[in-house]
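Engineer: fold the following and give me the result.
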Amino acid sequence: MGLHTSAAILGRRAIRKYKPDQVPDEVLREILAEARWAPSATNTQSTNVYAVSGEPLERFKAELRQYAESEVEPKPDFPPGTGLPPALMARQQALFQARASFIAAEEAKMGIRPADPPVSPTVAGAAVFGAPTLLVLTFEEGVSDAYGCFDAGLFSMAVCLAAQSRGLGTCIAGGVARNAELLHKLLPGTDKHKILITIAIGYPDNDAPVNRFPRTRLAVDDFVTFVR
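Structural biologist: Sure, this is the predicted structure:
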């Protein structure tokens, strides 16, 4: 059934353009049923999932775009940090530059002209990459941030691998939760929950340059210290 785990890990990538095809409910249930076996602190299984699609998702996208166009100040349940260490910042900027250059070159080959005027990343991001389904991960206020975030991180990776093994794509997107009030309004029973992260999920458009740019990773010896 599906790909070998190593193939799923190596093949997984953030998908930022999707086909419009809906993901069948039974497939989503299979993915989430596998992901529930991800580790959690003392088996608390603190991660709650809201699977949003159809009209509610389109309504949310429209409201998020309106906020972006009006430059409404972001108010996420988890504010961003104060900044990255220089080495990590350099790595991030290298990714952004390499991705932008690749996409521009590939779209030029395809005869796609850049938008004029350019669309801001925040406004463009409100479309959630055209994904037909958005998973919203939350945990209750009584759970410590450290454990809740760690549990949700493990759960997110399990979702991504289970989706990859079925030919689906995913993108873990924190920016989609930047205006948390919109999600609290949309999702029932979240008044005592913290909205942590979202995961776009659907069938990838494999022809889109944004889904094909070359990726890099650190060598093992660059981030591992063996202590014997």
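Engineer: residue ranges in the chain under the pLDDT threshold?
Structural biologist: Scanning the chain with the threshold set as pLDDT under 70 gives 1-3.
Engineer: which SS state does the most centrally placed residue in it fall under?
Structural biologist: Ranked by distance to the mean C-alpha position of the chain (C-alpha atoms, centre = their mean), the top residue is residue 172 at 1.5 Å. On the three-state scheme (DSSP: H, G, I helix; E, B strand; the rest coil), residue 172 is labelled strand.
Engineer: next: residue 218.
Structural biologist: Under three-state DSSP, residue 218 falls in the coil class.
Engineer: returning to that earlier point: next up, the contacts around the residue nearest to the centre of the chain.
Structural biologist: Residue 172 makes contact with 14, 156, 160, 197-199 under the criterion C-beta atoms under 8 Å, 6 or more residues apart in numbering. (Glycine included, C-beta is placed from N, CA and C.)
Engineer: try it again at 7 Å.
Structural biologist: Contacts for residue 172 were tallied using C-beta atoms under 7 Å, 6 or more residues apart in numbering; they are 156, 197, 199.
Engineer: over to residue 190?
Structural biologist: By C-beta under 7 Å, 6+ apart, the neighbours of residue 190 are 138, 184.
Engineer: what about it, distance to residue 60?
Structural biologist: Using C-beta to C-beta, to the nearest Å, residue 190 is found at 13 Å from residue 60.
Engineer: could you list every helix and strand that the helix or strand hosting residue 97 packs against?
Structural biologist: In the assignment (DSSP states H and E), residue 97 maps to helix 86-109. If contacts are counted by 3 or more C-beta pairs under 7 Å, 6 or more residues apart in numbering; DSSP states H and E, helix 86-109 sits against no helix or strand.
Engineer: give me the contacts around that helix.
Structural biologist: 84, 209-210, 213-214.
Engineer: next structured bit after that helix?
Structural biologist: Toward the C-terminus from helix 86-109 - assigned by DSSP H and E - lies helix 121-125.
Engineer: next SSE after that following helix?
Structural biologist: Next along the chain after helix 121-125, taking DSSP H and E as the criterion, comes strand 133-140.
Engineer: which elements pack onto that following strand?
Structural biologist: With contacts taken as 3+ C-beta pairs under 7 Å, 6+ apart, strand 133-140 sits against strand 48-53, helix 145-164, strand 193-202.
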